[in-house]
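K.L.:
take a look and give me a structure for this.
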Amino acid sequence: MTSARLPLPLRPATSPVWVAAQGAGVALTVLLIAALFLRPAPALHILWDMVVPLLPAVFLVNPLLWRNVCPLATLNALTGERVGMRKLGLARVQTAWGLGILLLAVLVPARRFLFNTSGPALALTIVAVALLALGTGLVFARRAGFCNALCPVLPVEKLYGQAPLVPMSNARCTDCSLCTPVGCIDLASTKVLPQTVGPARRDAGWVSTPFGIFAASFPGFIAGYFTLGNGALDTAASVYGHVATYAIVSYLLVAAAAYLLRASAKALFPVLGGSAFILYYWYSAPPLAEAYGAPRLGPLVIRVAAAVLLMSWWARIMRRRRPVRRPA
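P.N.:
Numbers count the residues shown, from 1 in each chain. Next up, the predicted model:
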């Protein structure tokens, strides 16, 4: 299954508003890197307590809202649109998806013993990932090498982007060259998960696919992260062990349920995405509310808002699955 059987027709040139937003995203990233060296405490607070906690809700509304302005995507496109010529083959893109999941599994727990407290370490990591985005664009066309393949945020975008609440167009590609053979979230967000998982999605076999393992483990992964506190660098092994334990238990429970109920990916992916989403905001609500100056009622408001957003998302998924009634 490919992302599209025919190249899409040309669309109007990208809006100047989106171009300005993309430029602003790169400029803000440069300022963030500088601040992480010069004023690490406030920079870390703004990033981790005020900005990053908003992203899961953005992904539920529509992943393109972030992908259209992501500074790493802008850097990837900067070289990929001008230099990179190679398309990403099916085997390579599937391998790259696995590497992206592995990057996510490595980088997120590292917040607890490094990135939450060390501005320079986070700044250097951002620079390294930015260079990776630029470098893959030197080889692979458009955003095939990083944004549609190696990006560690991509699996989360796919899981939360099953049924975008607000329709939105891709603001980067004015036409489709099929630079990525399957699973392009910018081309058809509602078809990404079937294309990513493949034929195994039709029965419980999806739990043995790379993305299926990620999706089944993700609720536990989130719970494992949030049930830890920040520690020193020498706590790295225990941090990874703790998060891995929660993720493994989550996977085993989901896999058992999938095989016992013979549940397909279509049946359980919305449950897993919703569970991960609500767990995230249950744990992150207090620090998020405190960061925005509402420590008393803020957590309740955030949790209720997250639940309402999730219910709207589930309802949209159910509406899309209703059979279309054709006139007699």
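
K.L.:
got the contact list for stretch 79-97?
P.N.:
With contacts defined as CB atoms under 8 Å, 6 or more residues apart in numbering, stretch 79-97 is touched by 134-146, 148-150, 154-155, 177-183, 196, 210-211. Where you see a C-beta, it was placed from the backbone N, CA and C, and this is true even at glycine.

K.L.:
between the two ends of it, how far is it?
P.N.:
Using CA to CA, to the nearest Å, the end-to-end distance of stretch 79-97 comes to 21 Å.

K.L.:
for stretch 200-209, same thing?
P.N.:
Using CA to CA, the end-to-end distance of stretch 200-209 comes out at 8 Å.

K.L.:
how about that stretch: buried residues?
P.N.:
Of the residues in stretch 200-209, Ala200, Arg201, Ala204, Gly205, Trp206, Val207, Thr209 count as buried by neighbour count, 16 or more other CB atoms under 10 Å.

K.L.:
where does the stretch 151-300 of the chain have low pLDDT?
P.N.:
Scanning the stretch 151-300 of the chain for pLDDT under 70 picks out nothing.

K.L.:
for stretch 289-305, C-alpha coordinates in PDB please.
P.N.:
Listed next in PDB are the C-alpha coordinates belonging to stretch 289-305 (Å, rounded to 0.1, in the frame of the first residue of the first chain):
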ATOM      1  CA  ALA A 289      -1.300  24.900  35.900                       C
ATOM      2  CA  GLU A 290       1.400  26.200  38.300                       C
ATOM      3  CA  ALA A 291       3.500  27.400  35.300                       C
ATOM      4  CA  TYR A 292       0.600  29.400  34.000                       C
ATOM      5  CA  GLY A 293      -0.300  30.900  37.500                       C
ATOM      6  CA  ALA A 294      -3.300  28.800  38.400                       C
ATOM      7  CA  PRO A 295      -2.100  26.200  40.900                       C
ATOM      8  CA  ARG A 296      -5.400  25.800  42.800                       C
ATOM      9  CA  LEU A 297      -8.100  25.300  40.200                       C
ATOM     10  CA  GLY A 298      -5.900  24.900  37.200                       C
ATOM     11  CA  PRO A 299      -5.200  21.200  37.500                       C
ATOM     12  CA  LEU A 300      -9.000  20.400  37.600                       C
ATOM     13  CA  VAL A 301      -9.600  22.700  34.600                       C
ATOM     14  CA  ILE A 302      -6.800  21.100  32.600                       C
ATOM     15  CA  ARG A 303      -8.000  17.500  33.300                       C
ATOM     16  CA  VAL A 304     -11.600  18.300  32.500                       C
ATOM     17  CA  ALA A 305     -10.500  20.100  29.300                       C
END
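
K.L.:
now that stretch, how far from the centre of its chain.
P.N.:
With CA atoms, centre = their mean, to the nearest Å as the basis, the distance from the averaged C-alpha position of stretch 289-305 to the chain average is 24 Å.

K.L.:
contacts for it?
P.N.:
Counting by CB under 8 Å, 6+ apart, residues outside stretch 289-305 touching it are His45, Asp49, Met50, Tyr281, Trp282, Ser284, Ala285, Pro286, Leu288.
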